[in-house]
Each structure stands twice: as C-alpha cells, then as structure tokens.
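A.B. asks: One predicted model, sequence on top.
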Amino acid sequence: MAPPDRGAEARRPLVRVLIVDDQHTVQNLLRYGLNKVEGIEVVGVADDPYMARELIKQLEPDVLTLDVEMPRMSGLEFLERLMRLRPMPVVMFSSLTQTGSEHAIRALSLGAVDVLPKPMGGIDDALLDQLARRVRAAARFRRGSPRGTAPPTGLSPSSPAQMRRWNGRSVLIGASTGGVAAVETVLRAMPLDCPPIVISQHMPPSFLVSFAKRLDDVLPQKVQLAGDGLELKQGQIYLSPGGEAHTGIRRSGRQLRTAAIFAPKRNGHIPSVDELFMSARDYAETVTAVLLTGIGKDGAEGMRMLKQNGAYCIGQDEATSVVYGMPRAAAELGILDAQLPLGEIAKAICSSCDAAHG
C-alpha cells in the first residue's frame with residue numbers, strides 16, 4: 001500500500017476568507033484563529049456590508065463569514081442582496097443565529113451555506129476549529145442561480161370548487177445542504193391547490209421546527225410537521241420533524257397518511273430521504289419523487305425502488321445545485337425522468353401530477 005501523501009495538505013489551494021463583522025475584537029480573533037489553520041487565508045475584514053461589497057470586488061474571496069447585527073445594513077439584508085447579485089458561499093457567524101432560531105432559518109432560506117452561533121461569553125479555540133471546518137466545507141460548495149429567479153409555473157391557483165384532482169398523486173421531496181433555499185423556491189412556485197407534498201430535509205429537529213413555521217408563514221398552503229398518521233391532503237405540505245424517527249407514508253384504508261418510522265440513521269441521517277422514498281414503493285405509480293441539492297447519496301436507492309415501480313423521478317441539475325451530490329447519485333443510476341434547473345422543477349412536478357397527463 002502506498003504511503004500517505006504528506007504533502008497533500010500543503011498543496012491544497014488556499015481558501016480565501018473575508019470576515020464581515022462590526023466588532024474589531026471579533027475580527028481580530030477570527031483573523032488570528034483562521035490564519036493559523038493550514039489551507040485558509042483571511043484576505044480581509046469589513047466593518048459593515050458596504051465595506052464588504054467593495055472588498056468582495058477587490059479581493060474575490062472564496063467564502064464570507066457574516067454577522068447579522070451591523071451598522072447601516074443588517075447581515076440578512078446584505079445576504080439577500082448578495083445572493084441576488086453575486087452568489088457565493090456564506091457562513092453566518094452571529095449571536096442571533098442560535099440553533100433553530102428564526103434568524104438562522106431566514107439566513108439558510110436566503111442561501112447561506114451554514115450557520116454557527118457566536119456565543120455571548122467569548123470565542124475559544126474549539127469554536128474557531130468549528131468555524132474553520134465549516135469555512136473549508138463551504139468553499140467546496142457551488143452557488144447556482146441567484147435566489148428568487150425561479151420563473152412562475154404558469155399554473156394559477158384554483159378556487160375550491162375548481163381544485164385539480166392531480167390524478168391522485170403525491171409528491172415526495174428530499175434535500176440536504178442548500179436545501180432550505182431550494183425547497184422554498186420550489187414550494188413558492190407551486191399552486192395553492194398543490195398535490196400533497198412530504199419533505200425530508202437533513203437538519204436538526206430544532207431547525208426543522210423553525211423551518212416548518214417559516215414555510216407556513218410565507219406560503220399560502222398549510223405547512224406542518226409530519227406527525228404519525230396525518231392524512232395527506234391536497235394543498236398541504238408535510239415536513240419531517242426528524243429527531244428519533246424518519247418520516248414515511250402508509251396507506252390506511254383508501255387514504256395515504258404520514259408514518260413515523262423508528263429506525264436507525266440511514267446514510268447518517270434522521271430524517272433520511274431513502275426511508276421516505278422506500279416507504280412509498282407500494283404506491284409508486286401515484287408518486288412524483290424529487291431530489292434536490294445535497295451532500296452524499298441519500299435518496300438515490302429509494303428513488304431507484306420508486307422508479308422500478310412506476311414513479312416519476314426528478315432531479316435538480318448540477319448548475320443550480322449548491323452541492324451536486326444526491327441528484328448526481330440518482331442521475332448516475334439512470335433513474336431520472338427529468339433533470340432540471342431549480343426554477344423549472346415546480347412546473348415539472350405539476351405536469352407529472354396533472355390528471356390530463358396521468
């Protein structure tokens with residue numbers, strides 16, 4: 001067996017980081033801590049978003065660390081503008097982005113790659129190590145189409161008396177890294193009377209609670225956590241709560257319902273996309289399955305089972321994926337009926353479910 005390549009770490013391209021934080025003490029700690037890490041170089045610091053905008057043009061960093069509370073413009077407002085005009089990997093580092101907080105979910109929905117809470121009590125070496133790992137990971141991510149550019153589906157909402165039947169179909173969606181923004185983009189383009197949608201998104205339970213609340217606030221459809229035994233209804237969206245159980249679907253009489261699946265982690269995750277997809281294999285002919293951006297291959301094997309049993313399968317394309325992992329795994333299995341830019345996926349879902357095309 002060949003000896004380990006001791007020079008590989010040294011040859012790794014530097015990750016160029018711009019720190020955006022109005023506290024000079026924090027700037028100095030982050031600059032000192034990150035510059036000690038091999039493979040990372042802090043190329044600049046900015047006190048506010050206006051300074052950051054100019055330094056981005058001058059220095060062309062690979063990754064931004066971004067605070068929320070800053071003078072002249074908040075970090076979230078700057079993040080929204082940045083993702084619209086010049087998408088790039090951003091790690092939020094703020095006391096306001098505590099785990100599962102509204103600010104954290106808002107940042108992820110706007111396109112931040114990751115969030116790391118800044119403790120009120122100070123920054124230690126362990127936290128700097130965490131930040132360095134997340135910065136390195138963020139540098140590998142790609143930024144796809146700017147957020148908010150998805151074209152409308154062309155399918156206007158129907159009145160209750162005219163609601164589509166959608167051929168009795170249900171929609172299952174799986175996503176991981178970059179998925180908060182991707183899921184929201186797809187759902188915003190769905191009509192009010194959409195088919196029932198069940199989502200498995202890789203996130204800790206506290207984040208999933210906040211994510212469900214945010215989606216319910218910003219979407220016209222009802223969005224709720226998928227407890228066990230909820231009837232799948234048209235115009236409603238169900239988000240796996242994670243924690244101790246995966247989410248699947250099961251038939252009860254003539255109705256499909258959500259199901260809590262108490263099983264070990266699959267592909268390192270609870271909730272697992274594979275568990276969601278595999279639970280629907282007996283109803284595959286009435287399922288449209290979607291894999292969005294994400295690390296790894298969770299969902300590919302479950303989608304293969306669905307495809308073999310008659311499901312319609314859609315994957316996000318590489319150009320618009322933050323991480324082209326999960327959709328790539330499905331594409332390499334040759335099971336996708338359509339591989340599409342993020343902005344076209346909602347329309348494809350509706351077309352696959354339309355009774356006229358069933």
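C.D. replies: That came through, no problem.

A.B. asks: In contact with A260, which residues are there?
C.D. replies: 227-228, 245-247 (C-beta atoms under 8 Å, 6 or more residues apart in numbering). Heads up, the C-betas are built off the backbone N, CA and C, glycines and all.

A.B. asks: repeat that for 10 Å
C.D. replies: If you count contacts by C-beta atoms under 10 Å, 6 or more residues apart in numbering, A260 has them with 226-229, 240-241, 243-248, 250.

A.B. asks: gap between the residue most central in space within the chain and M203?
C.D. replies: Relative to the mean C-alpha position of the chain, the nearest C-alpha, by C-alpha atoms, centre = their mean, is the one of G179, at 1.3 Å. G179 sits 8 Å away from M203, going by C-beta to C-beta, to the nearest Å.

A.B. asks: okay, and the common contacts of the two?
C.D. replies: Residues touching both G179 and M203 by C-beta under 10 Å, 6+ apart: 108, 211.

A.B. asks: Where do the helices of the stretch 1-150 of the chain begin and end?
C.D. replies: 8-11, 24-35, 49-59, 75-85, 102-110, 125-139 (DSSP state H, counting those that start in this stretch).

A.B. asks: coming back round to it: settle this for me: the residue nearest to the centre of the chain is touching L187, isn't it.
C.D. replies: No: using C-beta atoms under 10 Å as the test, G179 is too far from L187 to be in contact (11.5 Å).

A.B. asks: which residues do those two both contact?
C.D. replies: By C-beta under 10 Å, 6+ apart, G179 and L187 have these common neighbours: 173, 199.

A.B. asks: ok, back up a step: inside strands: which ones of the contacts of A260?
C.D. replies: 246-248, 250 (DSSP state E).

A.B. asks: and the gap between I197 and T288?
C.D. replies: According to C-beta to C-beta, I197 and T288 sit 9 Å apart.

A.B. asks: backbone phi and psi for S170, please?
C.D. replies: Dihedral pair for S170: phi -120, psi 160, per degrees, to the nearest 10.

A.B. asks: So it versus Y32, what's the distance?
C.D. replies: Shown here: S170 relative to Y32, a distance of 52 Å by C-beta to C-beta.

A.B. asks: Low-confidence stretches in the stretch 151-300 of the chain?
C.D. replies: Residues of the stretch 151-300 of the chain meeting the criterion pLDDT under 70: 151-165.

A.B. asks: show me where it has strands.
C.D. replies: For the stretch 151-300 of the chain, the strands defined by DSSP state E, counting those that start in this stretch cover 170-175, 197-201, 222-225, 236-239, 246-252, 255-261, 287-291.

A.B. asks: roughly how far is the second one from the heart of the chain?
C.D. replies: If I follow you right, that is strand 197-201. Mean-position distance between strand 197-201 and its chain equals 11 Å (C-alpha atoms, centre = their mean, to the nearest Å).

A.B. asks: That one pairs with which strands?
C.D. replies: Here strand 197-201 has these sheet partners by DSSP bridges: strand 170-175 (parallel), strand 236-239 (parallel).

A.B. asks: What of the fifth one?
C.D. replies: Counting by DSSP bridges, the strands paired with strand 246-252 are strand 255-261 (antiparallel).

A.B. asks: The strand it pairs with versus strand 287-291: what angle between them?
C.D. replies: For strand 255-261 against strand 287-291, the angle by axes from the mean of the first three to the mean of the last three C-alpha atoms, to 10 degrees is 40 degrees.

A.B. asks: what pLDDT does A356 get?
C.D. replies: Model confidence at A356, expressed as pLDDT, equals 39.

A.B. asks: who's more crowded, S170 and Y32?
C.D. replies: S170 (21 against 11; other C-beta atoms under 10 Å).

A.B. asks: which ones are touching that one?
C.D. replies: Taking C-beta under 10 Å, 6+ apart, we find S170 in contact with 195-198, 232, 234, 238, 249, 256, 280, 283, 286-289, 353.

A.B. asks: What of E231?
C.D. replies: The contact partners of E231, taken as C-beta under 10 Å, 6+ apart, are 196, 252, 255-258.

A.B. asks: May I ask which two of those residues are separated the most?
C.D. replies: Longest distance between any two of the contacts of E231 is 14.0 Å, between P196 and S252; criterion C-beta to C-beta.
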